[in-house]
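K.L.:
below are the sequence and a predicted model for it; my questions follow.
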Amino acid sequence: MATIKTKSKEVNEKLVEAREKKIEINEKRELFRPVAARGAVLYFCIVEMTLVNWMYNTSLSQFLGLFDYAIDNSPKAQLVKDRVQIIINWLTRRTYRYINRGLFERDKVTFKLMVATKILIKDGRLTPADVGLLLKAGGGIDDRSKPFQWMEQKTWLNLKALSKHKFANDHTFFFKELPDRITRNDQIWRKWIDENEPEKTPVPDYEEKISADQNIGHFIHLCLVRSMREDRTVLASNMFIKEVLGEEFVQPVTDQIFEIFEETKTNVPVLYLLSKGADPTGAIDEYAKKKKQFPTGKVSMGEEMEIPAANLIDTGMAAGKWVVLNNCHLSLEFMAEMEAILNPKDKEVHEDFRLWITCEPHTEFPLGLLQMAVKVTTEPPKGLQAGLSRTFNTMVSQDFLEKVEPYDKWRSLVFSICFMHSVVQERRKFGPLGFCIAYEFNNADLEASLTYIDKHLTMSAALNIPYSWKAMQYMVVQAQYGGRITDDLDRETFITYGNLWVQETIFQPNYCFNNLITDFTYQIPDTIEHVRFLEYIATMPGKDNPSIFGLHPNADLTFRLKESLEMITVLIETQPKDSGGGSGLSREETVKEKIEKELLVQLPPDFILLDVNERLKHLKGPRGIGDPETIPLNIFLRQEIDRF
């Protein structure tokens with residue numbers, strides 16, 4: 001009995017201890033709940049991006065890999081709250097870099113804005129209605145009492161929507177007095193709206209109030225800019241993203257091929273999403289040389305190319321070789337089999353085997369392959385800074401800068417040609433104002449131009465003859481890039497660039513590319529180190545002044561408006577559809593109620609046909625036409641009234 005009592009006492013003590021441990025574990029687990037909450041926000045943002053483009057599909061297992069990476073590799077901390085914040089930051093950054101790498105340029109800001117707004121909604125600082133205001137603005141309002149002749153009707157409706165909205169369930173209307181304040185300070189507000197960069201200019205009457213709101217002041221500012229200057233929405237969104245997520249989320253990002261390679265496995269291929277004029281094969285071959293895998297096995301997919309591709313993959317798996325399959329959107333049935341091919345059950349796969357796939361976006365591309373591959377886009381990034389940064393991170397290295405003697409002149413020419421390459425690529429975004437025809441300039445043009453200049457400088461030094469600038473201008477401007485140009489005006493524009501930036505004056509110290517006065521002076525860095533070139537490029541502005549392209553500042557307006565409208569449209573399409581469950585009304589009943597209460601009351605009273613006929617008899621036309629009833633315009637008007 002004594003033994004039983006002792007054992008019973010020990011069991012009871014252990015049960016009490018287990019209950020205490022359980023409570024302690026649950027308490028500590030709750031402290032890490034914000035990490036899970038951030039993970040849920042990020043994952044559902046990734047899922048919503050598949051509505052934008054089918055090729056953006058990412059599996060839950062891929063995301064869990066990012067989640068585990070953030071937990072395992074983030075720095076430790078003594079305090080739990082610090083540890084939680086570190087994990088959240090690492091997870092957000094790691095997810096952004098992974099997903100951003102596989103997005104086309106037009107969708108990158110969309111994804112970041114989606115993440116930033118959903119984080120604030122999860123934190124309780126914003127509501128879905130606030131995001132709805134940002135996206136739809138005055139789209140649901142019909143107010144024709146606009147008192148300002150200089151203001152567009154759409155802007156007035158946006159302004160009225162702002163004045164009637166309560167942000168974040170606030171009890172007051174933040175912009176309730178906005179219409180009255182614009183009426184009182186008409187000239188000041190008009191000047192702010194007409195600014196080239198209103199998003200960076202203090203807001204009249206509201207600057208202090210917006211700055212004082214530490215929670216959502218940045219979002220309120222974004223809504224105001226979107227409503228009053230729709231063309232600046234993307235730029236204001238970047239400022240908002242910077243405030244919410246951090247500086248690094250708006251900086252240009254270039255993923256090196258060795259970083260991409262580190263994430264691959266024998267059964268995890270790299271999937272390059274092709275854009276116009278892009279070809280990653282050259283970069284793959286260059287890296288293959290460093291890894292002693294050159295030449296790589298290549299197959300250009302198409303009709304009846306599945307068997308050669310399958311044989312090449314079998315050989316690569318056995319020998320540990322790299323295989324490159326190009327244009328795989330032409331062999332979707334074979335791509336559907338790729339998941340089984342890369343995970344064979346009856347044979348071993350050499351650990352050095354890697355598969356590289358290139359394809360254009362296609363709505364029927366196999367989901368299984370999309371959710372197992374590392375996706376990479378090959379589009380040139382937006383902006384001169386981002387374009388030059390990618391060029392100097394991928395094509396130009398320290399060895400490349402020391403490739404040709406004299407080194408100082410070679411470095412100046414390399415930077416000048418790379419700068420011109422970024423300029424002509426960026427100029428395309430202005431549409432017909434940039435080039436009459438959107439040419440597919442790509443890295444192959446840049447590589448060919450630098451190769452020719454390399455040979456020309458080497459030959460001139462060997463024969464001790466002066467450089468032929470006319471020859472270099474002709475080969476770069478008219479042969480390499482000019483081979484794509486079919487319009488005479490575009491050719492003349494390109495020749496002008498060549499005359500300015502492929503000439504002997506670029507050897508002068510601190511040569512300046514832009515003659516006009518702008519916020520930033522674009523120069524050739526006076527340095528010999530590759531790192532210093534990258535540091536100088538990092539100081540360039542993220543937003544380019546149109547004058548550097550030789551265009552008027554108004555050229556930016558059309559492009560920015562188109563860019564903003566596209567982003568807003570995409571975000572609206574990804575938003576969950578409104579449901580009537582909360583109010584007890586179906587969608588059709590909600591629409592009917594809106595028509596009856598808001599739209600029908602705005603219609604003018606029914607006209608009286610006798611009065612209309614009498615007025616038509618006295619409606620005069622031009623002199624010499626005759627009887628008003630025989631005037632063609634009056635006859636047409638009468639017919640339309642009768643039909644109505």
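P.N.:
The structure has been received and is ready for your questions. Numbers count the residues shown, from 1 in each chain.
K.L.:
run through who's touching the helix or strand harbouring residue 388.
P.N.:
Assigned by DSSP states H and E, residue 388 belongs to helix 384-394. Residues outside helix 384-394 that contact it (CB atoms under 8 Å, 6 or more residues apart in numbering): 252, 254, 256-257, 283, 380-381, 418-419, 421-423, 425-426, 443, 446, 522, 530, 533-534, 537-538, 540-542, 544, 548. C-beta here means a position set from N, CA and C on the backbone, and glycine is covered the same way.
K.L.:
check contacts around residue 475.
P.N.:
449, 452, 456.
K.L.:
try residue 573
P.N.:
Residue 573 sits next to 51, 52 when contact means CB under 8 Å, 6+ apart.
K.L.:
buried residues, the one helix or strand it maps to. List them.
P.N.:
According to DSSP H and E, residue 573 maps onto helix 555-574. Neighbour-count burial for helix 555-574, with 16 or more other CB atoms under 10 Å as criterion, is recorded at 555, 556, 559, 560, 561, 563, 564, 567, 568, 570, 571, 574.
K.L.:
please check the contacts of helix 384-394 and keep the buried ones.
P.N.:
Of the contacts of helix 384-394, these count as buried by 16+ other CB under 10 Å: 252, 257, 283, 380-381, 418-419, 421-423, 425-426, 443, 446, 522, 530, 533, 537, 540, 544, 548.
K.L.:
helix or strand with the lowest mean pLDDT in the chain?
P.N.:
Every helix and strand in the chain was compared by mean pLDDT, DSSP states H and E; the lowest is helix 587-594, with a mean of 74.
K.L.:
report the next helix or strand after that helix in sequence order.
P.N.:
Assigned by DSSP H and E, the successor of helix 587-594 is helix 609-617.
K.L.:
that next one packs against which elements?
P.N.:
If you count contacts as 3 or more CB pairs under 8 Å, 6 or more residues apart in numbering; DSSP states H and E, helix 609-617 packs onto helix 632-643.
K.L.:
return the list of helices and strands in contact with the helix it packs on.
P.N.:
Helices and strands touching helix 632-643, by 3+ CB pairs under 8 Å, 6+ apart, are helix 609-617.
K.L.:
as CSV, could you dump the C-alpha coordinates of the helix it packs on?
P.N.:
The C-alpha trace of helix 609-617 is given here as CSV (Å, rounded to 0.1, in the frame of the first residue of the first chain):
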residue,chain,number,x,y,z
LEU,A,609,-44.4,65.6,-75.9
LEU,A,610,-46.6,68.6,-76.8
ASP,A,611,-44.1,71.1,-75.2
VAL,A,612,-41.2,69.4,-77.0
ASN,A,613,-43.0,69.6,-80.4
GLU,A,614,-43.7,73.3,-79.8
ARG,A,615,-40.1,74.0,-78.9
LEU,A,616,-38.8,72.1,-82.0
LYS,A,617,-40.9,74.3,-84.2
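K.L.:
tell me the confidence at the residue lying closest to residue 142 once chain neighbours are set aside?
P.N.:
Spatially, and ignoring its direct neighbours in sequence, residue 142 is nearest to residue 602 (6.0 Å; CB to CB, 6 or more residues apart in numbering). At residue 602, the pLDDT value in this model is 74.
K.L.:
so for this structure, the centremost residue is which one?
P.N.:
With distances taken as CA atoms, centre = their mean, the residue of the chain nearest its centroid is residue 108 (2.3 Å).
K.L.:
my guess is it meets residue 102, correct?
P.N.:
No - the criterion here is CB atoms under 8 Å, and residue 108 misses it with residue 102 at 10.3 Å.
K.L.:
so how far is residue 13 from residue 26?
P.N.:
21 Å (CB to CB, to the nearest Å).
K.L.:
for residue 205, that is, sorry about that
P.N.:
For residue 205 relative to residue 13 (CB to CB), the value is 69 Å.
K.L.:
past the helix holding residue 388, which element shows up next along the chain?
P.N.:
helix 398-401.
K.L.:
for the helix or strand that comes right after that next one, packing partners?
P.N.:
From helix 398-401 onward toward the C-terminus, using DSSP H and E, the following helix or strand is helix 407-427. Where contact means 3+ CB pairs under 8 Å, 6+ apart, helix 407-427 is packed against helix 384-394, helix 398-401, helix 443-463, helix 488-501.
K.L.:
buried stuff in stretch 196-212?
P.N.:
Buried, per 16+ other CB under 10 Å, within stretch 196-212: 198, 199, 203, 204, 205, 206, 210.
K.L.:
likewise for stretch 345-354?
P.N.:
Buried-residue list, stretch 345-354, by 16+ other CB under 10 Å: 349, 353, 354.
K.L.:
and what of stretch 361-377?
P.N.:
So, applying 16+ other CB under 10 Å, buried residues of stretch 361-377: 365, 366, 369, 370, 372, 373, 374, 375, 376, 377.
K.L.:
pull up the distance across that stretch, start to finish.
P.N.:
Using CA to CA, to the nearest Å, one end of stretch 361-377 lies 10 Å from the other.
K.L.:
returning to what we had before: ok, which of the helices and strands packed on helix 407-427 comes nearest residue 170?
P.N.:
helix 384-394 (37.8 Å; CB to CB).
K.L.:
restricting to C-alpha, output that closest one in CSV.
P.N.:
Taking Å, rounded to 0.1, in the frame of the first residue of the first chain, the C-alpha atoms of helix 384-394 are listed here in CSV:
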residue,chain,number,x,y,z
LEU,A,384,17.7,53.9,-65.6
GLN,A,385,19.0,53.1,-62.2
ALA,A,386,17.5,49.6,-62.2
GLY,A,387,18.6,48.9,-65.8
LEU,A,388,22.2,50.0,-65.2
SER,A,389,22.2,48.1,-61.9
ARG,A,390,21.2,44.9,-63.6
THR,A,391,23.7,45.3,-66.4
PHE,A,392,26.6,45.9,-64.0
ASN,A,393,25.5,43.0,-61.8
THR,A,394,25.1,40.5,-64.6
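K.L.:
that one relative to helix 407-427, how many degrees between them?
P.N.:
Direction vectors for helix 384-394 and helix 407-427, defined by axes from the mean of the first three to the mean of the last three CA atoms, to 10 degrees, enclose an angle of 130 degrees.
K.L.:
what mean pLDDT does helix 384-394 get?
P.N.:
Mean predicted confidence for helix 384-394 is 88.
K.L.:
do stretch 37-51 as well
P.N.:
Throughout stretch 37-51, pLDDT has a mean value of 94.
K.L.:
buried ones in that stretch?
P.N.:
Buried residues in stretch 37-51 (16+ other CB under 10 Å): 38, 39, 41, 42, 43, 45, 46, 48, 49.
K.L.:
put together TSV for those residues, with secondary structure and distance to residue 309 on each row.
P.N.:
TSV is the format used below for these (DSSP: H, G, I helix; E, B strand; the rest coil; distance: CB to CB, whole Å):
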residue	secondary structure	distance to residue 309
38	helix	41
39	helix	38
41	helix	40
42	helix	35
43	helix	34
45	helix	35
46	helix	30
48	helix	34
49	helix	29
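K.L.:
what's the longest helix seen in the chain packed up against?
P.N.:
Identified as the longest helix of the chain according to DSSP state H is helix 2-31. Contact here means 3+ CB pairs under 8 Å, 6+ apart; on that basis helix 2-31 packs against helix 80-100.
K.L.:
right, and the helix or strand after the helix it packs on?
P.N.:
Using DSSP H and E, the first helix or strand after helix 80-100 is helix 105-122.
K.L.:
now whatever helix or strand comes next after that following helix: buried residues?
P.N.:
With elements assigned by DSSP H and E, the helix or strand that comes after helix 105-122 is helix 128-136. Buried residues in helix 128-136, defined by neighbour count with 16+ other CB under 10 Å: 130, 131, 132, 133, 134, 135.
K.L.:
what's the closest of the residues you listed to residue 166?
P.N.:
Using CB to CB, those come closest to residue 166 at residue 130, 9.0 Å.
K.L.:
against residue 451, how distant is the closest one?
P.N.:
When residue 130 is compared with residue 451 (using CB to CB), they lie 54 Å apart.
K.L.:
next one: residue 367
P.N.:
For residue 367 relative to residue 451 (CB to CB), the value is 41 Å.
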